[in-house]
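In: Give me a 3D structure for the following:
(4 chains)
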There are 2 protein chains.
Amino acid sequence: MTRRTFHRAPEGERRQELIEATLDCISEFGLKGATVRQIAIRAGVTAGLVRHYFESKDQMIAEAYRAVIASLTEQAQNVEGDPATRLREFIAVNFTEPVADSRSVSLWAAFISQVRVDPVLAEIHREGYLAFRNTLQELLSEFLAAKGRPASEEECRRYAIAINGLVDGLWVEGCLAGDLFRDGELVGIAMASVEAVLGLPIEN
Amino acid sequence: MTRRTFHRAPEGERRQELIEATLDCISEFGLKGATVRQIAIRAGVTAGLVRHYFESKDQMIAEAYRAVIASLTEQAQNVEGDPATRLREFIAVNFTEPVADSRSVSLWAAFISQVRVDPVLAEIHREGYLAFRNTLQELLSEFLAAKGRPASEEECRRYAIAINGLVDGLWVEGCLAGDLFRDGELVGIAMASVEAVLGLPIEN
DNA sequence: GAAGTTATTATACGCTTGAATAATATCGGC
DNA sequence: GCCGATATTATTCAAGCGTATAATAACTTC
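Out: Numbers count the residues shown, from 1 in each chain, chains lettered A, B, ... in the order given. Predicted coordinates:
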């Protein structure tokens, strides 16, 4: 009886691999299908190792959720250029891979469904939502100012809530049933709707 | 050793109770917490009975999903009055209980997260989404015609997609973190945004 | 290249799960 | 008021769950 060989990975790397494997399993098998054993198989290690890196499975899941939120928001935070370009990019990113992907929305939904159950996840969600919305709000404020139509914080807040809802809603449906829409249709609808809401074109 | 007493419920009634108990458990404990035993306890029966009414737990879950979709859409289908009133009602319903409720969104998310896993649920979702959107599209068509600005089917389709996304996105956030918004704020933002998208007031 | 550290494997444990089965209480028909 | 049908309970089962523990292989250091 000989043991399987293995290599000792640097700590950070292995943790990352385990989190990635966790997300793979959740998106493919659902939260209840993401068992410690499945996750370990996906990561190419044995189940016991999970507890060497995480205090519990629940803690690993929470960290995995943080990773999801980060990947969904970082794309939106890193846009560059003048306000109009950034606003366009901010919207377009949500209808382009890797954000626009059935895996993403599965993960998002899996965690959303636990928000009511697990206060830790609820807090992670709230932080992520507010960060996303605040980024958008600031972007809108700059955009409106640049267009010569500066708006109050309160006004920008309302716009941010509306546009965030619009983009999120379209993102979900696009991810879930992309085949119901033509290529580029959703991003077109989103752009046109945002322009209508703001009462301004988003071109330069 | 004496058995517990019970009463024989009419078939339809008991099925309904079991489905309702299933939804309670999913929303409170998540999909993985909705075990046959928990569901039975919630329904006030013993676990074995589940299999008397359903071929398997999975089948019961699928039927429960149908019930969720139905309850989310039936409110929107049953609005009455002239087109403008119906459009306003259609929107408002989504920000009023029982649709606007953290239980609803938990259930919705729990099932959405399984769409990628289970083709049966995917089909149920698609049907529900299209029914909802088509109702909205027809409503918009009538509304625009009544306002003296009739629109093509293609135009109405685009409006329906946009407004459906907007309402869904705001609905999710409102349900998840209602305390981030003032009373009536979301429905106000939704109405204003829909008016902007359509370029028309929704009053009579 | 030997010794020490620890990341990783292997195995075991107690518990819960969905499902199958047999016993039985309830109720409608007569 | 009994009788047959069946809805419901009670019990059991194998499989899979998260976790704990001990053995060991892979690196680090000197």
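
In: Would you map out the domains in chain A?
Out: As given by automatic domain parsing, the domain ranges for chain A are A:7-54, A:58-198.

In: tell me which parts of chain A are close to DNA strand D?
Out: A:2-3, A:5-8, A:33-38, A:47-48, A:50-51, A:56-58 (CB under 7 Å from any atom of the strand). Backbone N, C-alpha and C define where each C-beta goes, glycine included.

In: And the residue nearest the centre of chain A, what's its pLDDT?
Out: The centroid of chain A falls nearest to residue A:72 when counting by CA atoms, centre = their mean (2.3 Å). pLDDT for residue A:72: 86.

In: quick one, phi psi at the nearest residue to it once chain neighbours are set aside?
Out: Leaving aside its chain neighbours, residue A:72 sits nearest to residue A:99 (6.2 Å; criterion: CB to CB, 6 or more residues apart in numbering or on different chains). The phi/psi pair for residue A:99 (degrees, to the nearest 10) reads phi -70, psi -50.

In: For residue A:99, give its distance to chain B.
Out: With distances taken as CB to the nearest CB, to the nearest Å, residue A:99 is found 15 Å from chain B.

In: quick revisit: can you select the buried ones among the residues of chain A next to DNA strand D for me in PyMOL?
Out: With 16 or more other CB atoms under 10 Å in any protein chain shown as the burial test, the buried ones among those are selected in PyMOL as follows:
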select buried, chain A and resi 33+34+36+38+50
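
In: check which helix or strand covers the residue nearest to the centre of chain A.
Out: Assigned by DSSP states H and E, residue A:72 falls within helix A:57-77.

In: Show me what the helix or strand that comes right after that helix is packed up against.
Out: Following helix A:57-77 in sequence order, the next helix or strand is helix A:83-93 (DSSP H and E). Counting contacts by 3 or more CB pairs under 8 Å, 6 or more residues apart in numbering or on different chains; DSSP states H and E, helix A:83-93 packs against helix A:57-77, helix A:119-146, helix A:185-198.

In: which of those sits most buried?
Out: helix A:185-198 (a mean of 20; mean count of other CB atoms under 10 Å in any protein chain shown).

In: what's it in contact with?
Out: By CB atoms under 8 Å, 6 or more residues apart in numbering or on different chains, the surrounding residues in contact with helix A:185-198 are A:87-88, A:91-92, A:94-96, A:140, A:143-144, A:159, A:162-163, A:166-167, A:170, A:173-174, A:201-202, B:158, B:161-162, B:165-166, B:193, B:196-197, B:199.

In: can you do 6 Å?
Out: A:91-92, A:95, A:162-163, A:166, A:170, A:174, A:201-202, B:158, B:161-162, B:193, B:196-197 (CB atoms under 6 Å, 6 or more residues apart in numbering or on different chains).

In: And those, which is closest to residue A:28?
Out: The closest of the contacts of helix A:185-198 to residue A:28 turns out to be residue A:174 (CB to CB; 19.9 Å).

In: follow-up on the earlier one: which of the contacts of helix A:185-198 sit farthest apart?
Out: Every pair of the contacts of helix A:185-198 checked by CB to CB; the farthest is A:174 and A:201, at 23.2 Å.

In: what does chain A put close to chain B?
Out: A:30-32, A:102, A:106, A:109-110, A:112-117, A:126, A:158, A:161-162, A:165-166, A:168-170, A:176-177, A:189, A:193, A:196-197 (CB under 6 Å from any CB of the partner chain).

In: Return a PyMOL selection command for the buried portion of those.
Out: Here is the PyMOL command that selects the buried residues among those (16+ other CB under 10 Å):
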select buried, chain A and resi 30+31+32+106+109+110+112+113+114+115+116+117+158+161+162+165+166+168+169+170+176+177+189+193+196+197
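
In: Filter the residues of chain A next to chain B down to the ones in helices?
Out: A:102, A:106, A:109-110, A:112, A:126, A:158, A:161-162, A:165-166, A:168-170, A:176, A:189, A:193, A:196-197 (DSSP state H).

In: got the contact list for the residue nearest to residue A:112 when sequence neighbours are not counted?
Out: Excluding the flanking residues, the one nearest residue A:112 by CB to CB, 6+ apart is residue B:109, at 3.9 Å. Counting by CB under 6 Å, 6+ apart, residue B:109 touches A:109, A:112, A:113.

In: Dump those residues into TSV; add pLDDT and distance to residue A:81 as well.
Out: Below are the contacts of residue B:109 laid out as TSV (pLDDT from 0 to 100; distance: CB to CB, whole Å):
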residue	pLDDT	distance to residue A:81
A:109	96	32
A:112	94	32
A:113	95	37
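
In: Show me which residues of chain A are close to DNA strand C?
Out: A:1, A:3-4, A:6-9, A:11, A:14, A:45-49, A:52-53.
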